[in-house]
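Peer 1: no FASTA, just this:
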C-alpha cells in the first residue's frame, strides 16, 4: 500500500461570528485542516473525517522532517486504503476548542486581549458541525460524498445527517453512540474533577501562571484510557505481570510501580499531560456529555433522525464497553424505523473501544467495500472520475509524495 | 426482626511484634473489634466477619446516642438475621492500617515518636489474617464456625482457609475474587495517583501540615464508586437526568453540575474525603492488588487451595463488573478440583458489586439457609446450644439491648 506521503496543514479564518448552542458566540475563529487527494470537477467526491477526543485535523500522512508524525487514521485514509484518496478528496478539520491549531482556550480572546482559558465558551457537537459547514462552504463543497467519524467523530457525522441532511450522501459512524450513559458521564466527570481540583489549574488561567495542571490531566487520561481498552485485552496484554521481573519478581511493598499495567497507564498519563490542554479536555468531555439529538424529540431517536436523507454505515466492536454494540444497534433501529438505508457491521474484535483506530482486516474490509459502493454511486451519477476530469486543485494540504 | 441494639467497640493490644509479608514488622499494635451474641461453652459458635475497603469492626448494631451509626452489615448480622446472633458469636475486627481504630498510619510510630504516615508498612490480606488469628487466640477461639466476608473481606476469608485450615469449619466468600485483574489494578492505581499527586498529601505526612489531601481522596472515591455500581443500575437510577430541572431543564454550559450522576458522585467523593484517611486508602488498595494466593503455586489456584479443610459458600452477583461471577466460578472450580464441599449462588441482581451489602431476598435467604446448616452441624456435634449451656461471657462488645 502506498503512503500518502507528506502533508501540510492549512488554516482558514472566519470573520463572521459563530453563534453557539449555549447562546454565546465566537466573534471570529480559525479552523486548521488538512486535505488529501483531489477534489473532482463537480466537487462530488469530498469526504469529511471528524476527529475524536485527543485527535486532530491530522488524519493521514506525515509532516516533512517529522518521521513520527503519522496521522491518527493513516491506516484508514490514503491511496489504496479503505477510504481511498486516489478516488476521494478527504478533509480533516480540527474542532473549535481544541489545542491543535483551531481557535481554542489558549488563544487570545479578542474581547479581553488575554487567553480565553476557562472563558472559552462551551461548544457542542452541533457547534462543531456548524463550523465545519462553513469550511465546506468556503471550499465549495455543497454536498459531501460522506461524512465519517469514530467515537466522538461518529457523533459529528450523525449530527451532520440531522442538521444538514442534503449536504451528505453517506454517513459513516464507527464505535459511537447517540448519547452518553450515566456511567460514561461519570467517568468524564471524574476526569474533569481531577483537572478542576488541581491547584495548577488556576481556574483555567494557568497560562498566565506559567504552569500546567499536569497531575489532573494525568489522572484524567489514566481513567479515560481504562475505558478505551477491553477487560480481556488488558488481561491478555498486562494481566498481573510485574514490571521489574529482573528484580526477583517480587512485590515492592511501596506505592511505586509493581505491575506492568501501572507502568503503562502512568506513562500514557504522563505523555498526555505534556501535550494536551486542560481546558480543551474539559470542553471536549462536555461536548460528549451534551450530545443527545433525541433530547429535543422527547427522547425519541427515530424522530430525531426522521429528517435525515443520507445512507448510513455503522460499525461497532464486541468488546467495546465504552460505547458497546448495543448503542450502535439503537441508532440502527431508529434509522430502520425511518426506512433509511443502513449497513451495520458488528465486529468481533478484542481491543475494546480503541479497535476503531486499529488494523482489523474484517473491519477494514467492510469500510473498504462500503466506500467502493459510495464511489460507484458517485461515478455512475457522472460525478466521479477525479483522475480523468480536470480537477479543481485541492485548496491546500496537497500530496507531496 | 429484632435489632441488635447498642454495641460498644473494644480494643486489644498486642505487645509482641508482628512480622509482615514484606519482611517489615510492626513492633506492637492494637486491634479494635466488636462482638455480638454469646460465645458458647465449647467456644464453637464464633463467626469472624472480615471487612472490605471502607468498612470497619462496626458490623452491626449502633452506638448509644448516635442514631445514624448503624453497622455496615446490620441487615446480615443480628438476632434472627441470616447470620443469627441468637445462635452465633460474631466478631468484627478492624484491620491494621485502617483509620477506624486499629493501629494505622495516623498513629504514633514508636520508632520515631511521630505519626507513621507513609512509613506505615504495606500490609497484605495475609498479614491481616495473621493479626486476626492472634485476636482469636486471645479470645480463646481455636476454631471458627465460619469466617466470612464480602469483596476484600472475602479475600480474607479465603486466606484464612489457606493459612489456618484447621481453624475454620466454613468459609463464606461473597462477591470476591482470588486475584485482581489488570483492569481492577488499573482503577486502583488511578485512585492512588490522584492521592499521591495531591500537593496536600505531603509525601504521606499531611498530619504534620494540618491538611488532608481531600481533592485526591475525592477523585479516588469517585472512580472507585463507579466500579461498585452496575451500568444498568446507574442508567436506571440516574440515566441522563439533569440536576436542576426547575431551572428550565437545560444544560448549563459550564463545568458545574449538569447531571444527577455528577451531583451524586461528587457528593460521595466529598463525604468520603471528610472521614477517610489517604494513607489508609493507599494501603488498602495495595492489599487488594497484592492478593493472589495462586502466585506461590505457579498460578494454579487449585494447588493453592489444596490444603484447605473448610466447607465453602460462595455468592456472586450477575451485574457485578468489578468482581464478576466468572471470578467466583474460578474459585468454585479450584475447590471442586480439590473435592471440597462448595455451595455456590449466582444471584441475578441489578446492583453491581454493591449488591453484597444490600437487601436482596434471594441472597439473604441463601446465606440464612447456609448458616442454618452450619448451626445444625455445630449443634449436632454437641457444640451448639449457646443459650442452654453456661457460656463464657463475651469478652467484650456485649449487647446492651
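Peer 2: Arrived safely. What you see is a predicted model, and the numbers here were worked out from it, not measured in a lab.
Peer 1: who are the neighbours in contact with residue A:90?
Peer 2: A:35, A:36, A:37, A:46, A:47, A:48, A:49, A:59, A:60, A:77, A:83 (Cβ atoms under 8 Å, 6 or more residues apart in numbering or on different chains). Every C-beta, even on glycine, is put in place using the N, C-alpha and C of the backbone.
Peer 1: If you could redo that for residue A:107, that was the one I meant.
Peer 2: A:115, A:116.
Peer 1: Show me the domain layout of chain A.
Peer 2: Residue ranges for the domains of chain A, per the TED database: A:1-179+A:295-379, A:183-290.
Peer 1: okay, residue A:246: pLDDT?
Peer 2: You'll see residue A:246 listed with a pLDDT of 62.
Peer 1: try residue A:219
Peer 2: On the pLDDT scale, residue A:219 gets 98.
Peer 1: could you list every residue that touches it?
Peer 2: So, once contact is read as Cβ under 8 Å, 6+ apart, residue A:219 ends up touching A:191, A:194, A:269, B:190, B:193, B:194, B:197, B:219.
Peer 1: hmm, back to that, turn the domains of chain A into CSV, columns for distance to residue B:297.
Peer 2: Compiled in CSV, those are given as follows (distance: least, Cβ to Cβ, whole Å):
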stretch, distance to residue B:297
domain A:1-179+A:295-379, 28
domain A:183-290, 14
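Peer 1: between those domains, which gets nearest to residue B:180?
Peer 2: domain A:183-290 (7.5 Å; Cβ to Cβ).
Peer 1: and the end-to-end length of that closest one?
Peer 2: 14 Å (Cα to Cα, to the nearest Å).
Peer 1: which residues are there in the stretch 201-350 of chain A that come within reach of chain B?
Peer 2: Within the stretch 201-350 of chain A, the positions adjacent to chain B are A:215, A:218-219, A:222-223, A:226, A:229, A:231, A:234-235, A:237-240, A:251, A:253-255, A:258-262, A:265-266, A:269, A:282, A:286, A:289-290, A:292 by Cβ under 8 Å from any Cβ of the partner chain.
Peer 1: For the buried ones among these, write the corresponding ChimeraX selection.
Peer 2: If you want just the buried ones from these in ChimeraX, going by 16 or more other Cβ atoms under 10 Å in any protein chain shown, the selection is:
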select /A:215,218,219,222,223,226,229,231,234,237,238,240,251,253,255,258,259,260,261,262,265,266,269,282,286,289,290,292
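Peer 1: mind listing the strands for the stretch 151-300 of chain A?
Peer 2: A:168-174 (DSSP state E, counting those that start in this stretch).
Peer 1: Going by residue numbers, what spans are helices in it?
Peer 2: A:152-163, A:182-196, A:214-228, A:231-237, A:260-275, A:278-290 (DSSP state H, counting those that start in this stretch).
Peer 1: Likewise for the stretch 1-150 of chain A?
Peer 2: Using DSSP H, counting those that start in this stretch, helices in the stretch 1-150 of chain A cover A:125-138.
Peer 1: What are the buried residues along stretch A:53-64?
Peer 2: Here stretch A:53-64 shows A:53, A:54, A:55, A:56, A:57, A:58, A:59, A:60, A:61, A:62, A:63 as buried, counting by 16+ other Cβ under 10 Å.
Peer 1: okay, the residues you listed in a markdown table with pLDDT next?
Peer 2: Output for those, formatted as a markdown table (pLDDT from 0 to 100):
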| residue | pLDDT |
| --- | --- |
| A:53 | 92 |
| A:54 | 90 |
| A:55 | 95 |
| A:56 | 97 |
| A:57 | 98 |
| A:58 | 98 |
| A:59 | 98 |
| A:60 | 98 |
| A:61 | 97 |
| A:62 | 97 |
| A:63 | 97 |
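Peer 1: Could you export these as JSON lines, including distance to chain B?
Peer 2: Formatted as JSON lines, those follow (distance: Cβ to the nearest Cβ, whole Å):
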{"residue": "A:53", "distance to chain B": "16"}
{"residue": "A:54", "distance to chain B": "17"}
{"residue": "A:55", "distance to chain B": "22"}
{"residue": "A:56", "distance to chain B": "23"}
{"residue": "A:57", "distance to chain B": "25"}
{"residue": "A:58", "distance to chain B": "28"}
{"residue": "A:59", "distance to chain B": "29"}
{"residue": "A:60", "distance to chain B": "31"}
{"residue": "A:61", "distance to chain B": "33"}
{"residue": "A:62", "distance to chain B": "31"}
{"residue": "A:63", "distance to chain B": "33"}
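Peer 1: I'd like these written out as JSON lines, with distance to residue A:18 added.
Peer 2: As requested, the buried residues of stretch A:53-64 are arranged in JSON lines below (distance: Cβ to Cβ, whole Å):
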{"residue": "A:53", "distance to residue A:18": "22"}
{"residue": "A:54", "distance to residue A:18": "23"}
{"residue": "A:55", "distance to residue A:18": "22"}
{"residue": "A:56", "distance to residue A:18": "19"}
{"residue": "A:57", "distance to residue A:18": "18"}
{"residue": "A:58", "distance to residue A:18": "23"}
{"residue": "A:59", "distance to residue A:18": "23"}
{"residue": "A:60", "distance to residue A:18": "27"}
{"residue": "A:61", "distance to residue A:18": "29"}
{"residue": "A:62", "distance to residue A:18": "31"}
{"residue": "A:63", "distance to residue A:18": "28"}
